[in-house]
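Participant: Show me how the following folds:
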Amino acid sequence: MPADRAILYLSQADTGSLLNWREVIDCLARAYERDDDPRSAPPKVVARRNGMWLRALTAISASGGCMGAKIIAKGRPRGADHFIALWDQATAHLACLLDGKNVTAMRTAGTSAVAVDRIAMTGELRLAVLGSGREATTHVSAVAAVRTVRSMAVYSPTAANRERFAAKFAGELGVECAAAGDARTAVEGADLVIAAARSHDETPILRGAWLRPGAMVVSIGSTVPEQREVDPEVVARADVIVADAPQEVARETGDMIAASEAGVAFAHKLVPLAEVVRGLRPVRQSRDRIVLFKSVGSGLQDVAVSEMCYAKARAAGVGIALPVG
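Facilitator: Below is the predicted model of the structure:
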């Protein structure tokens, strides 16, 4: 091992300064367009004990540059942290360590934006957002990078939070943004519904009975069996369900497990996002059918965005070089 070899460390501040929505969304679209080998991004592995879990997502980039892994640790009761490592494909040397918070937030919302860009109707969208935290914030920003938002309504249980969220995006987007008093009111009449939060007791926050024909739903808050975000009626009413990781979505998310237990058949409606992006199975929102995009995240997304971030950091001289002895 060369004595002068170093590992680049990128902090949360570093990744925040290097990433922007347009580049992240384009990077993710390219990753789905060129990666057709399922072995390069296998299903996640999860270790569990006493309410805690440790999740690992791995992938080998089709670019020929890096391979990597993200580790997510969840403690008790709700705390979590993210860490990403990249290795050089040519040498197998550890090349970069990244704080995973910004990468995770932006790859999640960026992947949803890729789906919205391929699926949602063209023109201005009436947007409904359930949640007012980081994931809701990043999703609105990502969607606004690919579609014009005509109006927005937001609901979260804390009035001050939803009002602050509405005021923020009214200023940023220059459109009417209303803080709704309940979730159903927020969803009424929406073209695109973003479900980006879960209740503390895992009661679904979005009910299928509220959706109008022609709505598209983005659901990203239920990624393991214990979590719930949408009710079985959302799954039943969806004419098409696009998923970033179809088998994991079907078998390992609380929403789909609950739908299956309620007798809702959905396997015939599942379409991989990769096939939508490549044009193999085009899916488009229309006025008479409901489309659900369900995302659990994948190593492909993490490694694609991290690899781009690493390349930008090297070019800009950003980060801390950690010597390897």
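Participant: What average pLDDT does stretch 134-151 get?
Facilitator: Stretch 134-151 shows a mean pLDDT of 97.
Participant: So for it, what gets flagged as buried?
Facilitator: The neighbour-count check on stretch 134-151 (16 or more other CB atoms under 10 Å) flags 135-147, 149, 151 as buried. Any C-beta I mention is one placed from the backbone N, CA and C, and that applies to glycine too.
Participant: Near residue 83, how many other residues are there?
Facilitator: As a burial measure, residue 83 scores 14 neighbours (other CB atoms under 10 Å).
Participant: Ok, residue 87 next?
Facilitator: 16.
Participant: Verify the stated contact: it with residue 94.
Facilitator: Yes: under the criterion of CB atoms under 8 Å, residue 87 makes contact with residue 94 at 5.5 Å.
Participant: Tell me which stretches of the protein form helices.
Facilitator: Using DSSP state H, the helices of the chain run over 12-18, 21-34, 101-119, 134-146, 159-173, 183-187, 232-237, 246-252, 254-261, 273-277, 299-316.
Participant: Deepest-packed of these, please.
Facilitator: Among the helices of the chain, the stretch with the highest mean neighbour count (mean count of other CB atoms under 10 Å) is helix 101-119, at a mean of 25.
Participant: model confidence over that helix, on average?
Facilitator: Computed over helix 101-119, the mean pLDDT rounds to 97.
Participant: and what of stretch 17-29?
Facilitator: For stretch 17-29, the mean pLDDT works out to 97.
Participant: can you list the residues that contact it?
Facilitator: Counting by CB atoms under 8 Å, 6 or more residues apart in numbering, stretch 17-29 makes contact with 10, 102-103, 106-107, 110-111, 113-114, 117, 141-142, 145-146, 277, 301, 304-305, 308-309, 312-313, 316, 318, all of which sit outside it.
Participant: Can you give the distance of that stretch from its chain's centre?
Facilitator: 13 Å (CA atoms, centre = their mean, to the nearest Å).
Participant: Could you do stretch 8-18 as well?
Facilitator: Taking CA atoms, centre = their mean, the mean C-alpha location of stretch 8-18 is offset from the chain mean by 20 Å.
Participant: got it, and stretch 145-156?
Facilitator: 17 Å.
Participant: Equivalent analysis for stretch 299-308, please.
Facilitator: Distance, stretch centre to chain centre, for stretch 299-308: 13 Å (CA atoms, centre = their mean).
Participant: try stretch 175-195
Facilitator: Worked out by CA atoms, centre = their mean, stretch 175-195 lies 20 Å from the chain centre.
Participant: Buried ones in it, by neighbour count?
Facilitator: Applying 16+ other CB under 10 Å to stretch 175-195 flags 175, 177-180, 183, 186-187, 190-195 as buried.
Participant: next one: stretch 41-49
Facilitator: Buried residues in stretch 41-49, counting neighbours by 16+ other CB under 10 Å, are found at 41, 43-44, 46.
Participant: Tell me which two of those sit farthest apart.
Facilitator: The distance between the two most remote of the buried residues of stretch 41-49 (CB to CB) is 15.7 Å, for 41 and 46.
Participant: Many thanks, have a good one.
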